[in-house]
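The sequence and its predicted three-dimensional model are supplied below.
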Amino acid sequence: MIRTANWILVCLLGMAAPLWLHAAEDGHADRHQHGSEAGKAHADHEEGGVRLTSEQQAMAGIVVEVLQPHDMAGELRAPGEIRLNAYATSRVAPRIAAQVMERQVRLGDAVEPGAPLVTLSSVEMAQAQGGLLVAEREWQRVSKLGREVVADQRYTEARIAREQARARVSAFGMTDDEIKQLVDTGKAELANGRFQLLAPQAGTVIRDEFIVGELVEPGHVLFEISDESLLWVEARLTPDEAARVRVDAPATVLVGSRAVVGRVSQVHHTLDEGTRTRGVRIEVSNPEDRLHPGLFVEVRITAGMTEQVLAVPEAAVLRSPDGDWQVFVEHERGEFVPREVEVLRTSTSHAVIEGVAPGTRVVTRGAFFLQSELAKSGFDIHSH
């Protein structure tokens, strides 16, 4: 019985041996195939490639375009400073010594042309006003008598004295309305030396350095008024760079992350003695009053003739881990690899590059995502 049982066991093991060997061979084959796939994935990682399906590309906002030469104008970059538009700015100062009696506007107020700014009082103005009343009355008498009664010399002298008296009070600061009121009433008590300074233009009061009761000298600036809807940006360029700039050339002013479009209005003809640079003046609109004089900005000026270049959006060019510039190209459908490039210059938010051949499919949007995907190596887009 024991011999019979042993014989049966041997037979069963013999029958199972081919199956066991076949399973072992299949397991070995599976391990070999898995190792090959792992090796392939490892090779892709070494090449720095990122594979994405069409759905993943759409979710990540990846945009690929064929790199082709196109016309682009040259661009100059320089630091700049926002300044007041001097052609839209006025300073208000008395022409005679006077005392400040009352202010009508304050710093930051918007004014219109002819708006009262401040009331002053002056001894010189009082004397001039009295002289105007006397001259006006003399002229009225002479003109009523007529040239047939009054000698020519007296008639002429009275007329000249009247006109000079009017010119004097006007030059001292009286307005036409104030002069008319004084002359029409003829009241001596109105010759008190009081007068107002009026706004010469529309704009915003940006300076009012005085106090009520202060005695101010002729020429002392009481107000500065400026229309800040159109400002200047002063950029400093080397003489060679400035020679490439033309009036009316488009320009972009970068204020932090905000870009403001402007145009070149003037190119200075003289060099700054300290920096040996030439100034370039750019006009920029400021309808929302978000720009203010004194801000330092970056200026980009379109200059020179257009040329055929290879360019991509600035956001498509990134720094690699070793500090070089790179773009991502579509090596195969759905496979993106970084390619080192040289940035020659930037212009109108595009970077002119070298190192990639025309016709290459370059990632123009979503490069930062690819760089992050590559750094994480194994990041699942569906988990974000």
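Perfect, thanks for sending it. Residues are numbered from 1 along each chain as shown.

thinking Asn85 is in contact with Trp232, fair?
Yes: Asn85 lies in contact with Trp232 (C-beta atoms under 8 Å); the separation is 5.3 Å. Placement of C-beta: from N, CA and C, glycine included.

list residues touching both of the two?
Glu283 (C-beta atoms under 8 Å, 6 or more residues apart in numbering).

can you give me the strands in the stretch 251-384 of the chain?
Using DSSP state E, counting those that start in this stretch, the strands found in the stretch 251-384 of the chain span residues 258-271, 278-285, 296-309, 311-313, 318-319, 325-332, 335-340, 342-347, 350-354, 361-365.

Select from those the stretch with the lowest mean pLDDT.
Here these differ in mean pLDDT, and the lowest is strand 342-347 at a mean of 80.

Can you report how many residues lie near the closest residue to Ser265 other than its chain neighbours?
For Ser265, ignoring the flanking residues on the chain, the nearest one in space by C-beta to C-beta, 6 or more residues apart in numbering is Glu283 at 4.5 Å. Here the number of neighbours of Glu283 (other C-beta atoms under 10 Å) works out to 18.

start at 6 instead
That works, and once the first residue is 6, the last one we named lands at Glu288.

quick one, what contacts Glu288?
Counted by C-beta under 8 Å, 6+ apart, Glu288 has contacts 90, 235-238, 267-268, 270.

Bridge partners for it, pull those for me.
For Glu288, the beta-bridge partners are Trp237, Arg268 (DSSP bridges).

Hmm, His225 is touching Ala98, no?
Yes: counting by C-beta under 8 Å, His225 does reach Ala98; the two are 5.6 Å apart.

anything in contact with each of these two?
Contacts common to His225 and Ala98, judged by C-beta under 8 Å, 6+ apart, are absent.

how close does the closest residue to Arg173 other than its chain neighbours get to Val317?
Using C-beta to C-beta, 6+ apart and skipping residues adjacent in sequence, the residue nearest Arg173 is Ala133, 4.7 Å away. Distance of Ala133 to Val317, given as C-beta to C-beta, to the nearest Å: 72 Å.

now swap in Gly261 and tell me
With distances taken as C-beta to C-beta, Gly261 is found 24 Å from Val317.

Mind telling me what element Glu141 is part of?
For Glu141, the element it lies in under DSSP states H and E is helix 128-150.

do the same with Gln186
Under the criterion of DSSP H and E, Gln186 resides in helix 181-190.

quick check: angle from that helix to helix 128-150?
Here helix 181-190 runs at an angle of 50 degrees relative to helix 128-150 (axes from the mean of the first three to the mean of the last three C-alpha atoms, to 10 degrees).

which of the residues in helix 181-190 are buried?
By neighbour count with 16 or more other C-beta atoms under 10 Å, helix 181-190 contains the buried residues 183-184, 187-188.

Go through those and say which is closest to Val367.
Set against Val367, the nearest of the buried residues of helix 181-190 by C-beta to C-beta is Glu183 (72.0 Å).

which non-adjacent residue is nearest the closest one?
What sits nearest to Glu183 in space, not counting adjacent residues and going by C-beta to C-beta, 6+ apart, is Phe200, at 6.2 Å.

The one you found: what secondary structure?
strand (DSSP: H, G, I helix; E, B strand; the rest coil).

beta partners for it?
Beta-bridge partners of Phe200, as defined by DSSP bridges: Leu125.

who's in contact with it?
Counting by C-beta under 8 Å, 6+ apart, Phe200 has contacts 124-127, 130, 177-180, 183.

Among these, name the buried ones.
Listed as buried from those are 124-127, 130, 177-180, 183; burial here means 16+ other C-beta under 10 Å.

Tabulate the buried residues of helix 181-190 (TSV), appending distance to Gly279.
As requested, the buried residues of helix 181-190 are exported to TSV (distance: C-beta to C-beta, whole Å):
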residue	distance to Gly279
Glu183	47
Ile184	49
Leu187	52
Val188	55
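
Quick check: of these, which lies closest to Glu162?
Val188 (18.7 Å).

quick one: the closest one from Gln145, how far?
Between Val188 and Gln145 the distance is 10 Å, computed by C-beta to C-beta.

Same question for Ala176.
23 Å.

Could you do Phe200 as well?
For Phe200, the distance to Gln145 - C-beta to C-beta - is 23 Å.

Phe341 now?
Going from Phe341 to Gln145 by C-beta to C-beta gives 95 Å.

Have a look at the two and say which one is more surrounded.
Applying other C-beta under 10 Å to Phe341 and Gln145 shows that Phe341 carries more neighbours, namely 29 against 14.

Bridge partners for that one, pull those for me.
With DSSP bridges as the rule, Phe341 is bridged to Val55, Glu335.

ok, it - contacts?
54-57, 67, 333-335, 368, 375.

Return the members of the residues you listed classed as buried.
Of these, these count as buried by 16+ other C-beta under 10 Å: 54-55, 57, 67, 333-335, 368, 375.

Of these, which is the nearest to Pro74?
Pro74 lies nearest to Val334 out of these, by C-beta to C-beta, at 16.5 Å.

So that closest one sits against Ala362, correct?
No: assessed by C-beta under 8 Å, Val334 is found out of contact with Ala362, at 9.8 Å.

Find residues that contact each of these two.
Common neighbours of Val334 and Ala362 (C-beta under 8 Å, 6+ apart) do not exist.

where does the closest residue to Glu117 other than its chain neighbours fall, phi/psi-wise?
Excluding its sequence neighbours, the residue lying closest to Glu117 (C-beta to C-beta, 6+ apart) is Ala207, at 5.2 Å. Main-chain dihedrals, Ala207, degrees, to the nearest 10: phi -80, psi 150.

Many thanks, we can stop here.
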